[in-house]
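S.K.: got a sequence here, can you build the structure:
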Amino acid sequence: MIEQLTILAPGLLGGSVAKAAYATKAAKRIVIWSRRPETRRALRKQKFVTEVADTPEAAVQGASLVVIASPVTKIVPLIAQIKAHLAKGCIVTDVGSVKESIVKKGSKLLKDAHFVGSHPMAGSEKTGWENGSPDLFKNRTCFITPLKSTSKRATKSVAQFWKKLGANIVVCDPKKHDNTVAQISHLPQVIASTLCSALLRKDTKVLACAGNGLKDTTRIAGSDSELWREILELNQKEVLKAVHDYQKELAHFEKALKEKNFTLVTRLLARGKLCRERFILR
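M.R.: Take a look at the predicted model:
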């Protein structure tokens with residue numbers, strides 16, 4: 001059991017970490033800091049919170065494990081802000097969906113403490129700690145992304161923490177992580193958002209006639225646009241590769257349809273069905 005878990009900037013993921021840690025008894029104390037005073041006031045009334053701090057520096061005092069749950073562009077600045085207030089041997093991790101730049105910069109900033117990157121593949125189009133769930137991480141993949149120089153003990157501790165919350169652990173280097181999530185997370189967001197953007201150029205009255213197919217396909221288009229802008233900015237290179245590869249696949253399909261090559265059209269649709277079945281049944 002962790003003596004003190006500190007969570008900085010809890011939104012949906014940070015709130016879920018707190019609720020899951022409380023439910024699983026993963027930590028004796030759960031200390032939280034949020035930027036907004038009104039959020040701090042609301043969190044003080046929650047049973048899963050031991051203490052709410054007014055500053056990040058105060059929140060990390062005595063922490064064994066710090067989880068930074070802020071937007072990706074705020075993670076490194078928060079590490080810089082708290083580094084002088086961390087106990088020796090303290091472990092800092094995050095929940096950011098981009099890893100290479102964050103892990104390299106975060107690890108450089110810490111001397112007597114350890115930074116280990118994390119990325120739980122869990123979330124929702126909803127935001128805010130209020131929408132968090134203690135079950136959010138159950139049976140979901142959580143990437144752990146150490147550098148070669150990262151403490152093995154710290155890496156193991158972070159993996160054990162996420163496992164305690166119910167996650168399935170995948171350890172890989174930060175660069176491989178960014179390439180992977182560009183394909184399985186960032187590209188789907190781009191596709192859903194641009195599809196909805198394209199539909200706005202049509203007669204929007206037809207949207208009232210849409211069935212579950214369009215609703216399912218575009219669910220994540222309801223996600224926070226500013227949050228996603230920051231993710232795409234940090235992982236621009238890998239996302240552009242994923243978009244390029246997808247454009248080639250779409251052009252291949254367009255050519256087959258244009259040339260009335262319905263044998264190929266069927267084959268491409270069947271490949272998509274096979275991928276979906278493998279994914280949904282795993």
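S.K.: all helices for the stretch 151-282 of the chain, in order.
M.R.: Listed in chain order, the helices of the stretch 151-282 of the chain (DSSP state H, counting those that start in this stretch) span 152-164, 174-181, 187-199, 212-217, 225-234, 236-258, 262-281.
S.K.: out of these, indicate the one that is most buried.
M.R.: helix 174-181 (a mean of 20; mean count of other Cβ atoms under 10 Å). All C-beta spots, glycine's among them, are computed from the backbone N, C-alpha and C.
S.K.: ok, now which ones touch the most centrally placed residue in the chain?
M.R.: The C-alpha lying nearest the average C-alpha coordinate of the chain belongs to S97 (Cα atoms, centre = their mean; 4.2 Å). By Cβ atoms under 8 Å, 6 or more residues apart in numbering, the residues touching S97 are V72, H119, V181, S185, H186, I231, N235.
S.K.: again, but for K104
M.R.: Taking Cβ under 8 Å, 6+ apart as the definition, contacts of K104 comprise L147, P174.
S.K.: so is it in a helix, a strand, or just coil?
M.R.: In three-state terms, and counting by DSSP: H, G, I helix; E, B strand; the rest coil, K104 is helix.
S.K.: distance of it from S70?
M.R.: Applying Cβ to Cβ, to the nearest Å, the value for K104 to S70 is 18 Å.
S.K.: how about low-confidence regions in the protein?
M.R.: In the predicted model of the chain, residues 280-282 satisfy pLDDT under 70.
S.K.: quick one: the strands in the stretch 1-150 of the chain?
M.R.: Using DSSP state E, counting those that start in this stretch, the strands found in the stretch 1-150 of the chain span residues 2-8, 27-33, 51-53, 65-68, 91-94, 114-115, 117-120, 141-145.
S.K.: now the ones you listed in CSV, with mean neighbour count and distance to R153?
M.R.: As requested, the strands of the stretch 1-150 of the chain are exported to CSV (neighbours: other Cβ atoms under 10 Å; distance: least, Cβ to Cβ, whole Å):
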stretch, mean neighbour count, distance to R153
strand 2-8, 23, 14
strand 27-33, 22, 18
strand 51-53, 17, 27
strand 65-68, 26, 13
strand 91-94, 27, 9
strand 114-115, 26, 8
strand 117-120, 26, 16
strand 141-145, 23, 13
